[in-house]
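Enquirer: Sequence and predicted model, in that order:
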Amino acid sequence: MEDYTAAVFPAAESVKTREKSGLGRLATSMFKIGLIGFGGGSALIPVIEEEVVTEQGLVKDEDYEQAVISACVTPGALPVEIAAGVGRRTYGIRGMLAAAFAIALPGAFLTVLLLSAFSGSRNSSFEIIRYLSVGLGGFICSLLAGYSFKTASDFSAFGRRKFFSALAIMGAVFFLTGLKPLLSLLGLEGIAEHLIKLSTFQVLILSFIVMFTVYVAKTFLRRGGKQNPSSASQRIIKTVSRQEYASILKESLVWIVFAAVCSLPFLFLCRDGIHYILKGLVSSLMSFGGGDAYLSVADGLFVESGMISQDAFYGILVPIANVLPGSILCKILTGTGYLVGIGATGSAVIGAAGAAAGFAVSIAASGMIFGIVYWIFRTFRKVSFFREISVWIRPIISGLLLGVTVTMLKTNVSTAGALRKGELPALLLTAGIAAGDLILMNRKKMNSVTAMSLSAAAGSIALLLL
């Protein structure tokens, strides 16, 4: 029967084969990104773009930017959200699940692995990761800088007015997010302490308020105050079909079922399972402002309540999460589940069940709230205000990533200090690796995997020789 079907419907058979291979390629790409994902969520924006837009061609620039915008204004794990958006756009709900799962898995799995093997050998494990992270940090810095250079280059084609406007936006965002860390890196703490530093979420909310105010003012002046600027939105709402509403409902239900199925073993095996899962869900929905902000949320929900001890959280879990790649939210929630299971029962098996529950909740909560915002953005993409956002979000993100670059430099300097290496040599090493990667990938057209491997090797060897 199968041979008959393939003979009669060869086109359908080939489409299924291509879809399976494409889904595998998507998952592999996301797993690779998750494995090198040092630097936090924002740092992975250009890394994911390089892989899924430039190298794999899975989505177009416009589709990727829609996913980035939606992820940046929603709580949750930003890399997981962007991956879910790319997967949803390319291979539907299966792609959404596969991409989100794959990008979060490496960091979460390594967190549990190190927690379970936490013994006298941990120092060597930490050192290996630290040596590799310096070179990988330099590689990510090159992608962050490359993203900003490309933004400036693209806007230069739109005329001088838009080009200088884009540069001004990038500079203003960097001033709000990166100048204070930069002055601190240069040893000018006295000046730095008088400056403000906004989180990514705060900058984006401020940017959207400014853009909406300008949009309303321009619309009012252009139309003489005679037409409500929301009329276009009202017309689009009327054209949204029941099937489209059903699609977002189905997507949300898929995330709920995914989290429920993965959490069932822990619910049955651990008496604290339901409390942990509910707190994990709440913590994910409160996770605005990046990894550092999530640590304070997790502290309040898990440490202050006595679910895990302060020593276990800050003495074991947080140091492990900080030296591993991936989303802080996914790593902390996965690791917390493991510690809750071990603490309540003393069983590594139940600890693993707790880790699986935390991992699933972190992905599902992030994916579900992101999916709703992403659906709204795609539905209203023809509204002129959303088109304005699509134009100007890139210089805003570029300014944020310049700030993240400074943070990556500080992280590498701190890592070198922990390894008892010189801070200035580490800073020069990171800058040298980043510059080399920019040349290799842009002028020599080297692919990102090769550049990443060379960076990790170069950083490790250089540090060993210092």
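Expert: Received the coordinates, thanks. Owing to the predicted nature of the structure, the values given are computational and were not obtained by experimental measurement.

Enquirer: okay, CA-based contacts and neighbour counts for the rest of this
Expert: Noted.

Enquirer: which of the residues in the regular element (helix or strand) spanning Leu339 are buried?
Expert: Under the criterion of DSSP states H and E, Leu339 resides in helix 328-345. Neighbour-count burial for helix 328-345, counted by 16 or more other Cα atoms under 10 Å, picks out 328-344.

Enquirer: same thing with stretch 365-374?
Expert: By 16+ other Cα under 10 Å, the buried positions in stretch 365-374 come out as Ala365, Ser366, Gly367, Met368, Ile369, Phe370, Gly371, Ile372, Val373, Tyr374.

Enquirer: so which of these comes closest to Ser148?
Expert: Among the buried residues of stretch 365-374, Tyr374 lies closest to Ser148 (Cα to Cα), at 24.0 Å.

Enquirer: show me the contacts for the closest residue to that closest one other than its chain neighbours.
Expert: Take Tyr374 and drop its neighbours on the chain: the residue closest to it by Cα to Cα, 6 or more residues apart in numbering is Ser70, 5.3 Å away. With contact set as Cα atoms under 8 Å, 6 or more residues apart in numbering, Ser70 has these partners: Phe370, Val373, Tyr374, Phe377.

Enquirer: tally of neighbours for Ala152?
Expert: If you count neighbours by other Cα atoms under 10 Å, Ala152 ends up with 20.

Enquirer: Please apply the same query to Lys445.
Expert: Residues near Lys445, counting by other Cα under 10 Å, number 11.

Enquirer: So what does it have for phi and psi?
Expert: phi 60, psi 40 (degrees, to the nearest 10).

Enquirer: and it, what does it touch?
Expert: By Cα under 8 Å, 6+ apart, Lys445 lies in contact with nothing.

Enquirer: I'd like the numbering to begin with 39 instead of 1 from here.
Expert: Okay, residue one is now 39; in that scheme the one you just asked about reads as Lys483.

Enquirer: how near is it to Ile477?
Expert: Here the distance between Lys483 and Ile477 works out to 8 Å (Cα to Cα, to the nearest Å).

Enquirer: How about Ile358?
Expert: 33 Å.

Enquirer: higher neighbour count, those two?
Expert: The neighbour comparison of Ile358 against Ile477 (other Cα under 10 Å) goes to Ile358, with 25 against 14.

Enquirer: mind checking how far the helix or strand where the more buried one lies is from the chain centre?
Expert: Assessed by DSSP H and E, Ile358 sits inside helix 356-361. Distance of helix 356-361 from its chain centroid, counting by Cα atoms, centre = their mean, to the nearest Å, is 17 Å.

Enquirer: How about residues contacting it?
Expert: Contacts for helix 356-361 (Cα under 8 Å, 6+ apart): Gly145, Thr149, Leu152, Leu153, Phe164, Ile167, Arg168, Ser171, Ile366, Lys369, Ile370.

Enquirer: In that helix, which residues are buried?
Expert: Val356, Ile358, Ala359, Asn360, Val361.

Enquirer: pLDDT added to the residues you listed, as a markdown table?
Expert: Shown next, in a markdown table, are these (pLDDT from 0 to 100):
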| residue | pLDDT |
| --- | --- |
| Val356 | 76 |
| Ile358 | 79 |
| Ala359 | 80 |
| Asn360 | 72 |
| Val361 | 73 |
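
Enquirer: Which of the residues in stretch 192-205 are classified as buried?
Expert: Buried residues in stretch 192-205, counting neighbours by 16+ other Cα under 10 Å, are found at Phe193, Ser194, Phe201, Ala204, Leu205.

Enquirer: Now flag whichever of those is closest to Leu323.
Expert: Ala204 (32.0 Å).

Enquirer: hmm, back to that, and the furthest pair within the buried residues of stretch 192-205?
Expert: Ser194 and Leu205 (9.9 Å).

Enquirer: ok now do the residue positioned nearest the centre of the chain, which residues does it touch?
Expert: Among the residues of the chain, the one closest to the centroid is Pro117, at 2.3 Å (Cα atoms, centre = their mean). Neighbour list for Pro117: Gly79, Ser80, Leu82, Ile83, Ile141, Ala142, Ser365 [criterion: Cα under 8 Å, 6+ apart].

Enquirer: Give me the contact list for the host helix or strand of Leu214.
Expert: Using DSSP H and E, Leu214 falls within helix 198-215. Residues outside helix 198-215 that contact it (Cα under 8 Å, 6+ apart): 190, 193-195, 234-238, 241, 430, 433-438, 440-441.
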